[in-house]
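Visitor: Requesting a structural model of the entry that follows:
(one chain, ligands or ions: 1)
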Amino acid sequence: MAPTTACTRTARPEQKALYIPKLVSGEWTGTMCLTEPHSGTDLGLLRTKAEPQGDGSYRITGTKIFISSGEHDLAGNIVHLVLARLPDAPAGTKGISLFVVPKFVPNADGSLGARNGVRCARLEEKMGIHANATCVMDLDGAAGWLVGEPNKGLNAMFVMMNAARIGVGMQSLGLTEVAYQNSLDYAKERLQMRSLSGPKAPDKPADPIIVHPDVRRMLLTQKAYAEGSRAFAYWTALQADIAFTHPDAEARKDAEDMLALLTPVVKAFITDNGFLCANPAMQVYGGHGYIREWGMEQYVRDARINMIYEGTNAIQSLDLLGRKVLGDNGAKLRKFGKLVTALVEAEGTNEEMAEFIDPLADLGQKVEKLTMEIGMKAFGNADEAGAAAVDYLRVIGHLVLGYFWARMARIALDRADSGDPVYRSKLATARFYFARLFPETAMLIRTARAGAAPLMDVEVELF
Ligand SMILES: Cc1cc2nc3c(=O)[nH]c(=O)nc-3n(C[C@H](O)[C@H](O)[C@H](O)COP(=O)(O)OP(=O)(O)OC[C@H]3O[C@@H](n4cnc5c(N)ncnc54)[C@H](O)[C@@H]3O)c2cc1C
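Guide: You can find the predicted model right below:
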């Protein structure tokens, strides 16, 4: 869907008519071709060339690597969206344009025409996600057509990247959930040892491992991150709907701000947690988790890529702290802070909510101070922001997740007597989250405050 998003916002009407219906129906698939061997995070370095042919088309020449679904026979056509430079383009990111380069050049009626000069040179041998072909793509004078304005390709691509970042967060969320479901089933069936506090299944030769506190820790970690992240990711996706369709301009602007602030958090926090959860899911299986036939090691391998592609999680952290928070003097963060404050004010005197609201309110205040402190330090030395960014994003991740867990706890408390076990389960998971996962923020704030010196004072020769 990601290439569809970029086309929808930027392409000319006839390009949309030609490509989008078939991309949406799945008859054709798409790729995004940004990365080159020497140009990954730093797209300003990319070299792929686009030469105008005088008939509205361009000849595109260069090599792209790591291209997901670059080649396969699952669809009639593959529509590549390629970043390349025009002959007179300025250096760096200001000289990048976006082109549509179809594997088969479609005729005006949408039927397939000539095979284009874009080919898979090699498949990348990967650690995981083996169901998806990751390709080195050679463009050898391939016919391409400009999408959007010359030299504005990165802006157009970012529409797609932002959608894809939320998609990658969702991919990790799916992995967390399936890993949890499998490890939960296993923990209920696998019999090993007796409970420390006395047999729980005396009719059996041993108790199921779900009786052991550490197995519960591993299961509840997954459950708390899966359910909390689901609320968070869906709410963020709702902001996208409001930003694009709400009739009120102010509501659209607020939702746009929330989306901008939270997209790097959905991407990095949920994918870090996805990997963090796939590991205990495997651990619940003991040695059987490490053996291929149970499928758990695949989740660990598959979850790892989400922290790398669509901009590494370090880059998401810099985007959050540098552009989204310090870049607008904290205005977007304050908008989210208002939601937290409203919840704290509504529930602050409510005894049964204290175990959720008190830590949340405390973190809200600490985030304000931490942000100001990093901002002041970064003003004198930008490495201060770089040194704090990854820890900072994780703190914000917990602020957001804490907010959603507190809201879910409120609803669960209201309905605890309904007889539906889902509410008792939510409440128990909220309690686990605030008792065992949220306190990580104390350490993260300390490490974020440690500053750049312990990292940057080490001369390169001393590594
Ligand atoms: C399986 C797979 C599928 C992919 N699919 C696609 C695709 O479909 N299309 C596409 O175009 N690309 C794709 N990629 C490429 C992916 O987006 C890049 O690998 C990623 O953006 C990082 O670029 P790089 O590998 O060149 O690492 P580099 O940019 O060389 O980074 C190396 C390390 O340095 C860190 N780093 C770099 N700059 C900074 C900085 N300023 N501050 C802090 N840390 C920094 C990074 O975080 C990273 O840890 C895919 C990659 C893989 C592995």
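
Visitor: Check the gap between Glu352 and Val100 for me.
Guide: Distance of Glu352 to Val100, given as C-beta to C-beta, to the nearest Å: 57 Å. (Each C-beta comes from the backbone N, C-alpha and C, glycine too.)

Visitor: who has more neighbours, the two?
Guide: Val100 (21 against 13; other C-beta atoms under 10 Å).

Visitor: Give me the phi and psi for the more buried one.
Guide: Torsion angles at Val100 (phi, psi; degrees, to the nearest 10) stand at phi -100, psi 130.

Visitor: Give the full set of residues in contact with it.
Guide: Cys7, Ala11, Gln15, Tyr19, Val79, His80, Leu81, Val82, Gly144, Trp145, Val147 (C-beta atoms under 8 Å, 6 or more residues apart in numbering).

Visitor: Could you rerun that using 10 Å?
Guide: 3, 6-7, 11, 15, 18-19, 30, 79-82, 143-147 (C-beta atoms under 10 Å, 6 or more residues apart in numbering).

Visitor: Any idea how many residues pack against the closest residue to the ligand within the stretch 1-150 of the chain?
Guide: Closest residue of the stretch 1-150 of the chain to the ligand, C-beta to the nearest ligand atom: Gly40 (1.7 Å). Using other C-beta under 10 Å, Gly40 has 18 neighbouring residues.

Visitor: Quick check, pLDDT for Ala378.
Guide: Per-residue pLDDT puts Ala378 at 97.

Visitor: buried ones in the helix or strand where it lies?
Guide: Assigning secondary structure by DSSP states H and E places Ala378 in helix 354-380. Buried residues in helix 354-380, counted by 16 or more other C-beta atoms under 10 Å: 356-357, 359-361, 363-364, 367, 370-371, 373-375, 377-378.

Visitor: Next secondary structure after it?
Guide: With elements assigned by DSSP H and E, the helix or strand that comes after helix 354-380 is helix 383-414.

Visitor: could you give the angle of that following helix to helix 354-380?
Guide: Helix 383-414 and helix 354-380 meet at an angle of 160 degrees, taking axes from the mean of the first three to the mean of the last three C-alpha atoms, to 10 degrees as the criterion.

Visitor: Who are the packing partners of helix 383-414?
Guide: Here helix 383-414 touches helix 213-245, helix 249-284, helix 313-318, helix 331-347, helix 354-380, helix 421-432, helix 440-449, helix 453-456, going by 3 or more C-beta pairs under 10 Å, 6 or more residues apart in numbering; DSSP states H and E.

Visitor: CSV for those, including distance to the ligand?
Guide: Below are these laid out as CSV (distance: least, C-beta to the nearest ligand atom, whole Å):
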stretch, distance to the ligand
helix 213-245, 20
helix 249-284, 11
helix 313-318, 4
helix 331-347, 21
helix 354-380, 14
helix 421-432, 32
helix 440-449, 15
helix 453-456, 11
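
Visitor: Which strands border the longest strand anywhere in the chain, and is each parallel or antiparallel?
Guide: If you go by DSSP state E, the chain has its longest strand at strand 134-147. Sheet pairing of strand 134-147 (DSSP bridges) gives strand 58-68 (antiparallel), strand 97-102 (antiparallel), strand 118-123 (antiparallel).

Visitor: send the alpha carbons of the longest one over as CSV?
Guide: Think strand 58-68. Provided in CSV are the C-alpha atoms of strand 58-68 (Å, rounded to 0.1, in the frame of the first residue of the first chain):
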residue,chain,number,x,y,z
TYR,A,58,13.3,9.7,-18.4
ARG,A,59,16.0,7.1,-18.7
ILE,A,60,16.9,5.9,-15.2
THR,A,61,20.3,4.4,-14.5
GLY,A,62,21.7,3.1,-11.2
THR,A,63,21.8,0.4,-8.6
LYS,A,64,19.4,0.0,-5.7
ILE,A,65,19.9,-2.5,-2.9
PHE,A,66,17.7,-4.1,-0.3
ILE,A,67,14.5,-3.6,-2.3
SER,A,68,11.6,-5.4,-0.7
